[in-house]
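Undergrad: Below are the sequence and a predicted model; questions follow.
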Amino acid sequence: MIKLDKKTFKARIEENLSTDARTDIAHADPAQLHNAVSRAVMTDIIPFWNECVERHNSSRRAYYLSAEFLMGRAVYNNLYCAGLLDEAKELFAESGIDIGCLEETEDAALGNGGLGRLAACFLDSAASCDIPLNGYGIRYKYGLFKQGISNGFQTETADVWLDHGDAWSVRAENDSVVVEFAGEAVRAVPYDTPIIGFERKAVNTLRLWQAESLSGFDFARFDAQDYEGANASLINADAINDVLYPNDNTEKGRRLRLKQQYFFVSASVQDIVRRYKKKYGDDFSHFAECYAVQLNDTHPTVAIPELVRILMFREGFSFNDAFDIARRTFNYTNHTVMGEALEKWSIPLFKSVLPTVYEIIVLIDRSLAKYLESVGKADKIPSMRIIDGDVIHMARMAVYGTSHTNGVAQLHTNILKEDVLRDWYELYPERFQNKTNGITPRRWLGLCDPELSALITEKIGKGWETDLDRLSELKKFVDDPSVIERFNKIKHEKKEQLCKYLKEHEGVEVSPDWCFDVQVKRLHEYKRQLLNAFSIMDLYYQIKDHKLPDLQPTCFIFGAKAAPAYRRAKGIIKYINEIAKLVNNDPDTKDKLKVVFVSNYNVSYAEKIIPAADISEQISTAGLEASGTGNMKLMLNGAVTLGTYDGANVEIVEEAGWENEYIFGARVEELAVIRPTYNPREKIYYKDERVKRVVNTLVNATFNDGDTGMFGELYNSLINGCSWHRPDNYFLLTDLRGYVDTKLRALYDYKDRNMFGKKCWMNIASAGKFSSDRTVKQYAEELWKL
């Protein structure tokens, strides 16, 4: 497809500004400029988008069902992939405008972390590889939430990303469907967003559903002065797509979560069935041959009984035939070994929302029990059945009701086979596969680090953007001091850009001459941001004791959101900010240590932090991080990994070499030995004064938690445990000393800029495996059979 020339592009922007806002480029505000540019690109690509839809509909295709799509800001990525970014920069510059002003506009935070960002990367890769993959999700009005930091505490407000409209989507009114709950129904209206492949290879579609009232505003009730009642159906429908992951610590919140999941799943399945019937009518013998549907974790698992329900009650199929079609259509990606994330629903709650779907699940459960008996595994029925007591186990249904189950890193897949889903692997060994996660190199290098991208292109030529294995050609330059010096200068330039942004947005001054140690990811105890915080306190005390006189000055950058109801995670944020106040202002440490907790970490913030990072903190408890993708983004931008032997860290080390990473901590097999008799209080806390000194800062008045009791709760979780877990459940005390030693080794190595630069360069040159292009191609060939 031929792209717009600059003259035509400018004319369309000016026309859009004139007709939509009665202004011109020189006088338009950022929102007006954004909408004009977006409309110009949309006008350009829609004909090709329609061609791709028709072409892909003629062959077997795949759909990706996900509760999250963390797309990030669309305008720069779409301009980049459409080949119009340089032209847009020139047009803006000619009018004296910095294209960076568009950062004031949309940034769709429709995800919480790696799960949603992976979904976004997969869509990008599929379009760039011309793989027919469309996404289905929810058009959350307020995304996750907008994070603020007040007196060190996280605050949450609505993330109103739709304030200035949504120029990148098209409302497909004619494809609306009705979704029914017990005693209630809503209309699901689709909004289609184009996913533009790099250099316009193809354009795929992300279809996000918006819940709307069927009855609308009740004028009669309003006229009777029942103002709340007049809007009740509107409010109830809006609640479904207001916020990603509403607080579920009450039954009311859990009901809303279940309604959200069923809403987008039912709408999506109905949409797929509608597309099929348009082509084949009532002959469903080709359905599983036409479509492969990927369930992104357990959230969309209710799609399995929903398809069975539709085939039985609308199309007249028997249960056995309907379930056979469903099982051949769906595949399941597991993203966690954490029991809390292997979704379960209480039967009374589920039946109160989806009574008919529950009856289908009963049939699936009976089918499983019958099958287990037939293969001589009746003894496994109690531990494997989907309905267990008063609980529905969605992960069990996901494995039983699909063709394949895959993990997202080799270690994670092995843990699934050997532990978490061991019985299922013994039952269906042919169904289990590994698909190590990946990231799109377009957004996570080409777009966010154009300076490094230019150096790479200069050395190995173009084409690496869609063939990341070519980065291995960079290895021949590792012993060229001039190349490493240029890389280090680029890294310093990215730090300068980040420092400017931090000063403007966080009010913090940081020197670009310092080492940047970065931990940016969702806040969870198993990801061990608290361990990182403890290590900083240990360094602080060592400096105070005059033990680290020549320590490399280091800025520790944190970015993370805690779920609003996750009290401990919010306590960790407050603790990190208390540390920041201490070390950033102490005369003995302020020239050596700096701690920055950025507010409202999101995709756009990541695009600034990741290219500036020197050290990538990937320190989850071994065996608990399924894969991680932040580790891959940081690796691709030339940061070394400081991490445990966990998730994709294992494969990063295999690719880049042990000598180029900093690995520490107890491994999965070691923790298996330690765990049964682990007593951190007696074995570590009372015996190691350095550990005790650091941990005690939670309770000895070194810091102030605002009388919330959060710090005391963190202390007790480590030393005494609680009703639902043992002391130090994530082995922070076990790993702390080794972690600090490894961190110090990395910081002292950093002082030799050529040697450390070579380590970073080797990470870039070894990152080819971690392209989501590779991952999606494996899904397409080995799971979806496209």
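TA: Structure's in. What do you need?

Undergrad: mind listing what's buried in the helix or strand hosting residue 51?
TA: Here residue 51, judged by DSSP states H and E, is contained in helix 30-57. Judged by neighbour count (16 or more other C-beta atoms under 10 Å), helix 30-57 contains these buried residues: 30-42, 44-45, 48-49, 52-53, 56. All C-beta atoms are positioned from the backbone trio N, CA, C, and that covers glycine.

Undergrad: Residue 451 is in contact with residue 493, correct?
TA: Yes: at 6.0 Å, residue 493 and residue 451 qualify as touching, with contact defined as C-beta atoms under 8 Å.

Undergrad: Dead centre of the chain: give me the residue that sits there.
TA: The centroid of the chain falls nearest to residue 114 when counting by C-alpha atoms, centre = their mean (2.3 Å).

Undergrad: how near is that one to residue 449?
TA: Distance of residue 114 to residue 449, given as C-beta to C-beta, to the nearest Å: 20 Å.

Undergrad: same question, residue 23
TA: 34 Å.

Undergrad: ok, these two, which is more surrounded?
TA: When residue 23 and residue 449 are compared on other C-beta atoms under 10 Å, the one with more neighbours turns out to be residue 449, at 23 against 15.

Undergrad: need the contact list for residue 569.
TA: 523, 524, 525, 562, 563 (C-beta atoms under 8 Å, 6 or more residues apart in numbering).

Undergrad: what kind of secondary structure is the nearest residue to residue 145 once chain neighbours are set aside in?
TA: In space, and not counting its chain neighbours, residue 145 is closest to residue 156: 4.2 Å by C-beta to C-beta, 6 or more residues apart in numbering. Assigned with DSSP: H, G, I helix; E, B strand; the rest coil, residue 156 falls in the strand class.

Undergrad: and residue 156, how many neighbours?
TA: So residue 156, with other C-beta under 10 Å, has 16 neighbours.

Undergrad: Give me the distance from stretch 544-563 to the chain's centre.
TA: Stretch 544-563 sits 26 Å away from the centroid of its parent chain (C-alpha atoms, centre = their mean, to the nearest Å).

Undergrad: mind listing what's buried in it?
TA: Quick answer for stretch 544-563 (16+ other C-beta under 10 Å): 548, 551-552, 554-563.

Undergrad: Would you check which pair of these lies furthest apart?
TA: 548 and 563 (36.0 Å; C-beta to C-beta).

Undergrad: before we move on, the earlier item: mind giving me the packing neighbours of the helix holding residue 51?
TA: helix 6-21, helix 74-81, strand 184-196, strand 203-213 (3 or more C-beta pairs under 8 Å, 6 or more residues apart in numbering; DSSP states H and E).

Undergrad: To residue 723, which of these lies closest?
TA: strand 184-196 (36.4 Å).

Undergrad: strand partners of the closest one, parallel vs antiparallel please.
TA: Neighbouring strands of strand 184-196 in its sheet, by DSSP bridges, are strand 170-171 (antiparallel), strand 177-181 (antiparallel), strand 203-213 (antiparallel).

Undergrad: Select, out of these, the one closest to residue 135.
TA: Once the strands paired with strand 184-196 are compared by C-beta to C-beta, strand 203-213 is nearest, at 4.3 Å.

Undergrad: centre of the chain versus that closest one, how much separation?
TA: The answer for strand 203-213 is 19 Å, by C-alpha atoms, centre = their mean.

Undergrad: what's the angle between that strand and helix 30-57?
TA: 110 degrees (axes from the mean of the first three to the mean of the last three C-alpha atoms, to 10 degrees).

Undergrad: just the strands in the stretch 601-750 of the chain please.
TA: Using DSSP state E, counting those that start in this stretch, the strands of the stretch 601-750 of the chain run over 615-618, 640-644, 662-664.

Undergrad: Partner strands of the last one and their direction?
TA: In other words, strand 662-664. By DSSP bridges, strand 662-664 pairs with strand 640-644 (parallel).

Undergrad: Quick one: mean pLDDT for the partner strand?
TA: The average pLDDT for strand 640-644 rounds to 98.

Undergrad: And stretch 42-56, by the same measure?
TA: Here the average pLDDT along stretch 42-56 is 96.

Undergrad: so residue 763 makes contact with residue 640?
TA: Yes: if you go by C-beta under 8 Å, residue 763 and residue 640 touch, sitting 6.2 Å apart.

Undergrad: Which strand or helix spans the closest residue to residue 384 other than its chain neighbours?
TA: Leaving out its chain neighbours, the residue that sits closest to residue 384 by C-beta to C-beta, 6+ apart is residue 423, at 5.5 Å. Here residue 423, judged by DSSP H and E, is contained in helix 422-427.

Undergrad: Return that helix as CSV; C-alpha atoms alone will do.
TA: Output in CSV follows, covering the C-alpha atoms of helix 422-427 (Å, rounded to 0.1, in the frame of the first residue of the first chain):
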residue,chain,number,x,y,z
ARG,A,422,0.5,-32.0,36.8
ASP,A,423,-2.7,-34.2,36.8
TRP,A,424,-3.8,-32.5,33.6
TYR,A,425,-0.5,-32.9,31.9
GLU,A,426,-0.5,-36.6,32.7
LEU,A,427,-4.0,-36.8,31.3
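
Undergrad: Report the strands that pair with the next helix or strand after that helix, each with its relative direction.
TA: Using DSSP H and E, the helix or strand that follows helix 422-427 in sequence is strand 432-434. Strand pairing for strand 432-434, determined by DSSP bridges: strand 405-407 (parallel).
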